[in-house]
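A.B. asks: only geometry, no sequence info:
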């Protein structure tokens with residue numbers, strides 16, 4: 001009996017011990033579970049707090065004043081608009097950007113240069129066999145300071161880019177709308193004539209989509225810039241005469257960006273050359289005054305075929321002449337900052353500036369300092385334009 005009681009006591013003791021151990025294990029696991037649950041809840045709260053803070057930081061500010069600010073401030077895609085939001089364009093500053101119509105623009109730095117001819121009119125007259133009066137509008141040479149960098153078209157506006165404008169705006173150029181047409185050139189006869197049938201679409205010679213558009217007036221060029229400005233919500237315009245010469249000379253003081261040798265223009269610009277002279281000769285037309293070398297293009301060339309200058313810009317010495325923003329006026333005697341030409345209307349009649357030389361232009365007119373002018377409604381098969389993108393008005 002005693003043995004039975006002892007045995008029973010021992011069994012009870014063992015059972016109690018097992019229950020105690022089991023209870024301890026259950027309590028330990030319960031504690032561990034609650035501890036881990038607490039860590040998870042706390043971690044979730046931290047993440048939620050950080051997410052809320054990020055959303056608050058990303059929310060559009062009341063100070064946002066442009067489509068760029070509003071678009072950058074939200075993770076949602078921008079609502080489709082007629083104009084391209086600024087945030088859709090490449091970040092600035094960048095040495096080169098490409099806009100929504102595939103136009104490449106180069107960043108031109110701020111700087112200073114000497115505007116106008118560095119040689120005297122007598123020296124230029126002797127070199128090019130002209131009268132000194134042909135150069136008198138290039139004086140006095142004067143210091144110019146460009147205070148803000150800007151983007152300039154690496155090339156002239158192409159036929160394809162101008163077509164997009166015409167299609168989008170249902171636009172008619174002045175050559176089409178005023179009943180006068182424009183100038184065409186017949187390589188077979190060497191004749192240039194004004195004809196109703198000649199427009200930006202028909203020049204008398206073959207052009208591809210990548211050729212510079214011609215037979216456009218200053219007014220047509222300004223209309224294109226206005227369209228592109230609205231489309232991209234950025235200011236596009238024609239370069240001022242000072243901005244154009246600064247970009248063309250590109251830190252040089254020589255006649256051309258490569259130096260003073262006119263025959264080397266064949267590497268940098270499409271001008272009147274042996275290529276054109278030989279074709280005209282077949283039509284018994286003699287051309288004098290062109291360079292002795294060949295640039296391989298008798299009329300317009302695809303943009304960007306020639307060597308770029310120090311700023312990365314092409315075709316400023318040739319291919320087509322280019323409209324500028326300014327009225328044509330006399331140069332000042334003193335240094336100037338960001339000049340925009342005459343302020344109160346034309347000085348020499350209703351004339352707008354154009355710069356550079358064209359495919360049938362001579363070396364004399366291809367110089368960085370050479371300047372020309374014509375009425376805003378004039379058009380020619382050797383005049384086009386390039387655009388500038390800037391905040392300067």
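C.D. replies: On my side now, so go ahead. Only a predicted model underlies this, so the values are computations on that prediction, with no experimental measurement involved. Residues are numbered from 1 along each chain as shown.
A.B. asks: Now residue 276: which helix or strand?
C.D. replies: Residue 276 is part of helix 274-282, with elements assigned from DSSP states H and E.
A.B. asks: Partner strands of the helix or strand following that helix, with direction?
C.D. replies: The helix or strand immediately downstream of helix 274-282 is strand 321-327, counting by DSSP H and E. According to DSSP bridges, strand 321-327 has the following sheet partners: strand 352-355 (antiparallel), strand 383-384 (parallel).
A.B. asks: per-residue confidence averaged over the helix or strand that the last one is followed by?
C.D. replies: Beyond strand 383-384 in the direction of the C-terminus, DSSP H and E gives the next helix or strand as strand 388-389. Mean pLDDT, strand 388-389: 97.
A.B. asks: could you say what helices and strands strand 388-389 packs with?
C.D. replies: strand 150-153, strand 236-237 (3 or more Cβ pairs under 8 Å, 6 or more residues apart in numbering; DSSP states H and E). Using the backbone N, CA and C atoms, a C-beta is placed for each residue, glycine as well.
A.B. asks: Deepest-packed of the strands paired with strand 321-327, please.
C.D. replies: Mean neighbour count (mean count of other Cβ atoms under 10 Å) peaks for strand 383-384 among the strands paired with strand 321-327, with a mean of 28.
A.B. asks: what does that strand rub up against?
C.D. replies: 156-157, 212-216, 319-323, 354, 358, 374 (Cβ atoms under 8 Å, 6 or more residues apart in numbering).
A.B. asks: give me that answer again for 7 Å
C.D. replies: With Cβ atoms under 7 Å, 6 or more residues apart in numbering as the test, strand 383-384 has contacts from 156-157, 212-214, 216, 320-323, 354.
A.B. asks: Going by neighbour count, list what's buried in the helix or strand harbouring residue 224.
C.D. replies: Assessed by DSSP H and E, residue 224 sits inside helix 218-232. By 16 or more other Cβ atoms under 10 Å, the buried positions in helix 218-232 come out as 218-225, 227-229, 231-232.
A.B. asks: likewise stretch 322-339?
C.D. replies: 322-329, 331, 339.
A.B. asks: hmm, who's touching that stretch?
C.D. replies: 116, 139-140, 142-147, 156, 218, 221, 237-242, 244, 340-342, 345-348, 351-356, 373, 383-386.
A.B. asks: and if you look at stretch 133-148?
C.D. replies: Outside stretch 133-148, the residues touching it (Cβ under 7 Å, 6+ apart) are 110-118, 121, 124-125, 242-243, 246, 331-339, 369, 371, 392.
A.B. asks: picking that back up, does anything pack onto the helix holding residue 224? Which helices or strands?
C.D. replies: helix 159-169, strand 236-237 (3 or more Cβ pairs under 7 Å, 6 or more residues apart in numbering; DSSP states H and E).
A.B. asks: Quick one: those as CSV, columns for mean pLDDT, mean neighbour count and distance to residue 281 too.
C.D. replies: Shown next, in CSV, are the helices and strands packed on helix 218-232 (pLDDT from 0 to 100; neighbours: other Cβ atoms under 10 Å; distance: least, Cβ to Cβ, whole Å):
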stretch, mean pLDDT, mean neighbour count, distance to residue 281
helix 159-169, 98, 17, 28
strand 236-237, 98, 21, 42
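A.B. asks: so can I have CSV of those showing distance to residue 180?
C.D. replies: Converted to CSV, these look like this (distance: least, Cβ to Cβ, whole Å):
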stretch, distance to residue 180
helix 159-169, 18
strand 236-237, 26
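A.B. asks: between the ones you listed, which gets nearest to residue 291?
C.D. replies: helix 159-169 (25.8 Å; Cβ to Cβ).
A.B. asks: Beyond the closest one, next helix or strand please.
C.D. replies: Defined by DSSP H and E, the subsequent element after helix 159-169 is helix 174-177.
A.B. asks: What residues sit buried inside that next one?
C.D. replies: By neighbour count on 16+ other Cβ under 10 Å, the buried set for helix 174-177 is 174-176.
A.B. asks: Contacts for it next, please.
C.D. replies: By Cβ under 7 Å, 6+ apart, helix 174-177 touches 181-182, 199-200, 215, 217, 219-220, 377, 379.
A.B. asks: and if we set it to 8 Å?
C.D. replies: Residues contacting helix 174-177 (Cβ under 8 Å, 6+ apart): 181-182, 198-200, 215-217, 219-220, 377, 379.
A.B. asks: Those in strands, which ones?
C.D. replies: Using DSSP state E, the members of the contacts of helix 174-177 that fall within strands are residue 182.
A.B. asks: ok, so of the contacts of helix 174-177, who is nearest residue 103?
C.D. replies: So of the contacts of helix 174-177, ranked by how close each gets to residue 103 (Cβ to Cβ), first place is residue 216, at 15.7 Å.
A.B. asks: Kind regards, and thank you for your time.
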